[in-house]
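K.L.:
give me a 3D structure for the following:
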Amino acid sequence: MLIDVADLRTIPNEIESIILADFSKLPKEIVDKIKNNNICYKNDVRCAIEDYYGPFSYLSEQFYKRLVFGMESHELVLYHATKMLRKSQILEQGLKTNEWETYSSLLIESLDSIGFDLQGKDEIMKLVEKEYKRKYSVASRKAQLCFFSDMGQINQEGSAGCEQFCESIGGEVARWALKNSHPELYAPLKNKGEAFVVKFRMPFADVVDFDKETILYQFVSHYAAKYFFNFKYDIQFTSMTESDVPKENILELIPYTKEVNY
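P.N.:
The predicted model follows:
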(Lines give C-alpha, C1' and ligand atoms only; values in the text may rest on other atoms or scores of the structure.)
Protein backbone atom coordinates (compact mmCIF):
# COMPACT_ATOMS: atom_id res chain seq x y z
CA MET A 1 0.00 0.00 0.00
CA LEU A 2 1.20 3.52 -0.83
CA ILE A 3 1.01 5.89 2.16
CA ASP A 4 0.76 9.63 1.53
CA VAL A 5 0.65 11.51 4.86
CA ALA A 6 -1.18 14.37 3.13
CA ASP A 7 -4.10 11.95 2.66
CA LEU A 8 -4.86 10.21 5.96
CA ARG A 9 -7.12 7.74 4.17
CA THR A 10 -3.98 6.04 2.82
CA ILE A 11 -2.68 5.07 6.28
CA PRO A 12 -3.23 1.29 6.61
CA ASN A 13 -5.95 0.19 9.03
CA GLU A 14 -3.49 -2.17 10.72
CA ILE A 15 -1.24 0.77 11.73
CA GLU A 16 -4.14 2.76 13.14
CA SER A 17 -5.41 -0.34 14.96
CA ILE A 18 -2.05 -1.04 16.63
CA ILE A 19 -1.84 2.53 17.91
CA LEU A 20 -5.43 2.87 19.10
CA ALA A 21 -5.40 -0.56 20.74
CA ASP A 22 -2.38 0.44 22.78
CA PHE A 23 -4.02 3.71 23.83
CA SER A 24 -7.10 1.80 25.00
CA LYS A 25 -4.98 -0.37 27.33
CA LEU A 26 -3.43 2.55 29.23
CA PRO A 27 -4.29 2.71 32.93
CA LYS A 28 -6.74 5.45 33.86
CA GLU A 29 -4.14 7.36 35.88
CA ILE A 30 -1.87 7.63 32.83
CA VAL A 31 -4.76 8.68 30.59
CA ASP A 32 -5.63 11.36 33.14
CA LYS A 33 -2.03 12.59 33.23
CA ILE A 34 -1.95 12.83 29.45
CA LYS A 35 -5.29 14.59 29.22
CA ASN A 36 -4.29 17.05 31.92
CA ASN A 37 -1.85 18.73 29.54
CA ASN A 38 -2.75 22.03 27.88
CA ILE A 39 -2.50 21.54 24.11
CA CYS A 40 -1.94 24.56 21.89
CA TYR A 41 0.79 23.38 19.54
CA LYS A 42 2.03 20.15 17.99
CA ASN A 43 4.97 20.04 20.37
CA ASP A 44 2.53 20.04 23.29
CA VAL A 45 1.11 16.74 22.04
CA ARG A 46 4.54 15.12 21.84
CA CYS A 47 5.43 16.39 25.32
CA ALA A 48 2.20 14.96 26.72
CA ILE A 49 2.90 11.43 25.46
CA GLU A 50 6.71 11.43 25.48
CA ASP A 51 7.09 9.45 28.71
CA TYR A 52 4.88 6.65 27.38
CA TYR A 53 5.40 6.64 23.60
CA GLY A 54 8.67 8.42 22.95
CA PRO A 55 10.84 6.60 20.39
CA PHE A 56 13.74 4.55 21.77
CA SER A 57 12.14 4.33 25.23
CA TYR A 58 12.23 0.89 26.82
CA LEU A 59 8.57 1.41 27.78
CA SER A 60 7.55 1.57 24.10
CA GLU A 61 10.08 -0.86 22.62
CA GLN A 62 7.65 -3.69 21.83
CA PHE A 63 5.01 -1.23 20.64
CA TYR A 64 7.38 0.22 18.02
CA LYS A 65 8.57 -3.21 16.98
CA ARG A 66 4.97 -4.03 16.05
CA LEU A 67 4.59 -0.75 14.18
CA VAL A 68 7.84 -1.14 12.24
CA PHE A 69 6.90 -4.70 11.30
CA GLY A 70 3.49 -3.49 10.12
CA MET A 71 4.95 -0.61 8.07
CA GLU A 72 7.74 -2.45 6.30
CA SER A 73 5.39 -4.01 3.74
CA HIS A 74 4.22 -0.52 2.66
CA GLU A 75 5.63 2.38 0.67
CA LEU A 76 5.70 6.12 1.39
CA VAL A 77 5.14 9.12 -0.87
CA LEU A 78 8.17 11.36 -0.29
CA TYR A 79 9.84 14.50 -1.67
CA HIS A 80 13.40 15.57 -2.43
CA ALA A 81 14.36 19.18 -3.26
CA THR A 82 17.26 19.85 -5.63
CA LYS A 83 18.66 22.00 -8.45
CA MET A 84 20.18 20.56 -11.62
CA LEU A 85 21.01 21.63 -15.15
CA ARG A 86 18.75 18.95 -16.57
CA LYS A 87 15.65 17.62 -14.85
CA SER A 88 15.62 14.80 -17.38
CA GLN A 89 18.52 13.17 -15.50
CA ILE A 90 16.08 12.21 -12.76
CA LEU A 91 13.66 10.65 -15.22
CA GLU A 92 16.54 8.79 -16.91
CA GLN A 93 18.45 7.63 -13.83
CA GLY A 94 16.21 8.04 -10.78
CA LEU A 95 17.59 9.53 -7.57
CA LYS A 96 21.06 8.55 -6.37
CA THR A 97 22.61 8.67 -2.93
CA ASN A 98 25.46 11.14 -2.74
CA GLU A 99 28.56 8.97 -2.90
CA TRP A 100 31.48 11.21 -3.85
CA GLU A 101 31.93 9.50 -7.22
CA THR A 102 28.31 10.15 -8.21
CA TYR A 103 28.05 13.60 -6.65
CA SER A 104 31.35 14.86 -8.08
CA SER A 105 30.69 13.57 -11.60
CA LEU A 106 27.34 15.39 -11.72
CA LEU A 107 28.94 18.57 -10.39
CA ILE A 108 31.80 18.41 -12.90
CA GLU A 109 29.28 17.91 -15.72
CA SER A 110 27.43 21.00 -14.52
CA LEU A 111 30.62 23.07 -14.27
CA ASP A 112 31.57 22.08 -17.82
CA SER A 113 28.12 23.07 -19.10
CA ILE A 114 28.24 26.41 -17.28
CA GLY A 115 31.61 27.14 -18.92
CA PHE A 116 34.11 27.25 -16.08
CA ASP A 117 37.73 27.18 -17.19
CA LEU A 118 40.00 24.44 -15.86
CA GLN A 119 41.42 26.60 -13.08
CA GLY A 120 37.98 27.64 -11.81
CA LYS A 121 36.65 24.12 -12.04
CA ASP A 122 39.62 22.66 -10.15
CA GLU A 123 39.30 25.29 -7.43
CA ILE A 124 35.61 24.55 -6.95
CA MET A 125 36.11 20.81 -6.82
CA LYS A 126 38.97 21.12 -4.32
CA LEU A 127 36.89 23.28 -1.97
CA VAL A 128 33.73 21.20 -2.34
CA GLU A 129 35.60 17.93 -1.77
CA LYS A 130 37.07 19.33 1.44
CA GLU A 131 33.59 20.23 2.69
CA TYR A 132 32.18 16.88 1.58
CA LYS A 133 34.90 15.01 3.51
CA ARG A 134 34.23 17.15 6.59
CA LYS A 135 30.54 16.30 6.48
CA TYR A 136 31.17 12.59 6.03
CA SER A 137 34.23 12.31 8.27
CA VAL A 138 32.24 10.38 10.88
CA ALA A 139 33.09 6.75 10.20
CA SER A 140 29.51 5.53 10.61
CA ARG A 141 28.00 8.14 8.29
CA LYS A 142 27.26 6.77 4.85
CA ALA A 143 26.25 8.40 1.60
CA GLN A 144 22.57 9.24 1.76
CA LEU A 145 19.55 10.69 0.04
CA CYS A 146 17.50 13.08 2.18
CA PHE A 147 13.74 13.49 1.87
CA PHE A 148 10.73 15.12 3.47
CA SER A 149 7.16 13.98 3.83
CA ASP A 150 4.99 16.68 2.27
CA MET A 151 5.07 19.95 0.36
CA GLY A 152 3.98 21.83 3.49
CA GLN A 153 7.62 21.63 4.59
CA ILE A 154 8.61 24.03 1.83
CA ASN A 155 8.88 27.70 2.92
CA GLN A 156 8.17 27.00 6.58
CA GLU A 157 8.15 30.15 8.70
CA GLY A 158 10.89 30.65 11.24
CA SER A 159 13.33 28.06 9.89
CA ALA A 160 15.21 27.03 6.81
CA GLY A 161 12.68 24.91 4.98
CA CYS A 162 13.43 22.10 2.58
CA GLU A 163 13.53 24.61 -0.29
CA GLN A 164 17.10 25.47 0.81
CA PHE A 165 18.27 22.52 -1.28
CA CYS A 166 16.92 24.29 -4.39
CA GLU A 167 19.37 27.18 -3.94
CA SER A 168 22.32 25.92 -5.96
CA ILE A 169 23.65 23.18 -8.16
CA GLY A 170 25.73 21.16 -5.71
CA GLY A 171 23.29 21.64 -2.84
CA GLU A 172 24.26 22.48 0.71
CA VAL A 173 27.81 21.13 0.40
CA ALA A 174 28.58 23.57 -2.43
CA ARG A 175 26.89 26.37 -0.48
CA TRP A 176 28.96 25.69 2.64
CA ALA A 177 32.16 25.41 0.61
CA LEU A 178 31.79 28.44 -1.64
CA LYS A 179 29.09 30.97 -0.80
CA ASN A 180 30.89 33.07 1.81
CA SER A 181 34.53 32.53 0.91
CA HIS A 182 34.27 32.41 -2.90
CA PRO A 183 31.02 34.12 -3.96
CA GLU A 184 32.29 34.60 -7.52
CA LEU A 185 32.53 30.83 -7.90
CA TYR A 186 29.24 30.18 -6.13
CA ALA A 187 27.13 32.65 -8.15
CA PRO A 188 27.03 30.59 -11.38
CA LEU A 189 25.95 27.49 -9.45
CA LYS A 190 23.16 29.51 -7.85
CA ASN A 191 22.06 31.33 -10.98
CA LYS A 192 22.09 28.42 -13.42
CA GLY A 193 19.97 25.30 -13.61
CA GLU A 194 16.40 24.40 -12.68
CA ALA A 195 15.14 24.18 -9.12
CA PHE A 196 12.50 21.50 -8.54
CA VAL A 197 11.09 19.02 -6.08
CA VAL A 198 11.04 15.31 -6.88
CA LYS A 199 7.96 13.42 -5.71
CA PHE A 200 8.70 9.71 -5.44
CA ARG A 201 7.68 6.46 -3.79
CA MET A 202 9.93 4.40 -1.55
CA PRO A 203 9.50 1.33 0.67
CA PHE A 204 9.39 2.17 4.36
CA ALA A 205 11.95 -0.62 4.74
CA ASP A 206 14.49 1.61 2.93
CA VAL A 207 14.34 4.35 5.56
CA VAL A 208 17.54 4.33 7.64
CA ASP A 209 16.95 2.10 10.65
CA PHE A 210 17.77 4.76 13.25
CA ASP A 211 14.93 6.98 11.97
CA LYS A 212 12.09 4.49 11.60
CA GLU A 213 10.78 4.90 15.13
CA THR A 214 11.15 8.70 14.92
CA ILE A 215 8.95 8.73 11.81
CA LEU A 216 6.41 6.43 13.42
CA TYR A 217 6.32 8.72 16.45
CA GLN A 218 4.74 11.29 14.12
CA PHE A 219 1.97 8.80 13.31
CA VAL A 220 1.51 8.01 17.00
CA SER A 221 1.36 11.73 17.84
CA HIS A 222 -1.27 12.29 15.15
CA TYR A 223 -3.56 9.64 16.59
CA ALA A 224 -2.80 10.69 20.17
CA ALA A 225 -3.79 14.27 19.38
CA LYS A 226 -7.15 13.11 18.10
CA TYR A 227 -7.72 10.39 20.71
CA PHE A 228 -6.84 12.35 23.85
CA PHE A 229 -7.39 15.98 22.88
CA ASN A 230 -9.48 16.18 19.69
CA PHE A 231 -6.59 18.25 18.31
CA LYS A 232 -5.47 18.33 14.66
CA TYR A 233 -1.89 17.11 14.26
CA ASP A 234 -0.41 16.94 10.75
CA ILE A 235 2.14 14.19 10.18
CA GLN A 236 5.44 15.67 8.99
CA PHE A 237 8.97 14.35 9.03
CA THR A 238 12.36 14.54 7.39
CA SER A 239 14.73 11.61 7.10
CA MET A 240 17.04 9.81 4.71
CA THR A 241 17.76 6.58 2.92
CA GLU A 242 21.01 4.90 2.00
CA SER A 243 19.37 3.35 -1.09
CA ASP A 244 18.94 4.73 -4.60
CA VAL A 245 15.44 5.44 -5.91
CA PRO A 246 14.90 3.77 -9.32
CA LYS A 247 13.46 5.88 -12.15
CA GLU A 248 10.22 3.88 -12.15
CA ASN A 249 9.54 5.16 -8.60
CA ILE A 250 9.59 8.81 -9.67
CA LEU A 251 6.04 10.16 -9.52
CA GLU A 252 6.36 13.84 -10.45
CA LEU A 253 8.83 16.69 -10.94
CA ILE A 254 7.45 19.86 -9.34
CA PRO A 255 9.03 23.18 -10.47
CA TYR A 256 10.19 25.53 -7.72
CA THR A 257 10.37 29.11 -8.99
CA LYS A 258 10.83 31.23 -5.85
CA GLU A 259 14.14 32.86 -4.99
CA VAL A 260 16.12 30.86 -2.43
CA ASN A 261 18.89 32.52 -0.46
CA TYR A 262 20.31 30.88 2.65
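
K.L.:
and whichever helix in the chain runs longest, what does it pack against?
P.N.:
Longest helix in the chain by number of residues (criterion: DSSP state H): helix 209-229. Judged by 3 or more CB pairs under 8 Å, 6 or more residues apart in numbering; DSSP states H and E, helix 209-229 is in contact with helix 13-24, helix 28-35, helix 42-53, helix 61-71, strand 238-241. Placement of C-beta: from N, CA and C, glycine included.

K.L.:
buried residues in that helix?
P.N.:
By neighbour count with 16 or more other CB atoms under 10 Å, helix 209-229 contains the buried residues 212-225, 227-229.

K.L.:
re earlier: for residue 144, find the nearest of the helices and strands packed on helix 209-229.
P.N.:
Evaluated with CB to CB, the helices and strands packed on helix 209-229 place strand 238-241 nearest to residue 144, the distance being 4.3 Å.

K.L.:
tell me the contacts of residue 232?
P.N.:
225-226 (CB atoms under 8 Å, 6 or more residues apart in numbering).

K.L.:
show residues contacting the longest helix of the chain.
P.N.:
Taking CB under 8 Å, 6+ apart as the rule, helix 209-229 contacts 5, 8, 11, 15-16, 19-20, 23, 31, 34-35, 37, 39, 42, 45-46, 48-49, 53-56, 64, 67-68, 71, 149, 204, 207, 231-237, 239-240.

K.L.:
do that again at 6 Å, thanks
P.N.:
With contact meaning CB atoms under 6 Å, 6 or more residues apart in numbering, helix 209-229 is reached by 19, 23, 34-35, 39, 45-46, 49, 53, 55, 64, 67-68, 231, 233, 235, 237, 239.

K.L.:
please convert the buried members of these into PyMOL selection syntax.
P.N.:
Of these, the buried ones go into a single PyMOL selection, burial set by 16+ other CB under 10 Å:
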select buried, resi 19+23+34+39+45+46+49+53+55+64+67+68+231+233+235+237+239
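
K.L.:
distance of the closest residue to residue 239 other than its chain neighbours from residue 44?
P.N.:
Once flanking residues are discounted, residue 239 sits nearest to residue 211: 4.3 Å by CB to CB, 6 or more residues apart in numbering. Counting by CB to CB, to the nearest Å, the separation of residue 211 from residue 44 is 23 Å.

K.L.:
cool, and residue 63?
P.N.:
Distance from residue 63 to residue 44, by CB to CB: 21 Å.

K.L.:
now do residue 61
P.N.:
From residue 61 to residue 44 the distance is 25 Å (CB to CB).

K.L.:
how many other residues sit next to the closest residue to residue 86 other than its chain neighbours?
P.N.:
Counting by CB to CB, 6+ apart, residue 194 is the residue found nearest to residue 86 once chain neighbours are left out, at 7.8 Å. Around residue 194 there are 16 other residues, counting by other CB atoms under 10 Å.

K.L.:
bridged to residue 194, which residues?
P.N.:
When bridges are called by DSSP bridges, residue 194 pairs up with residue 84.
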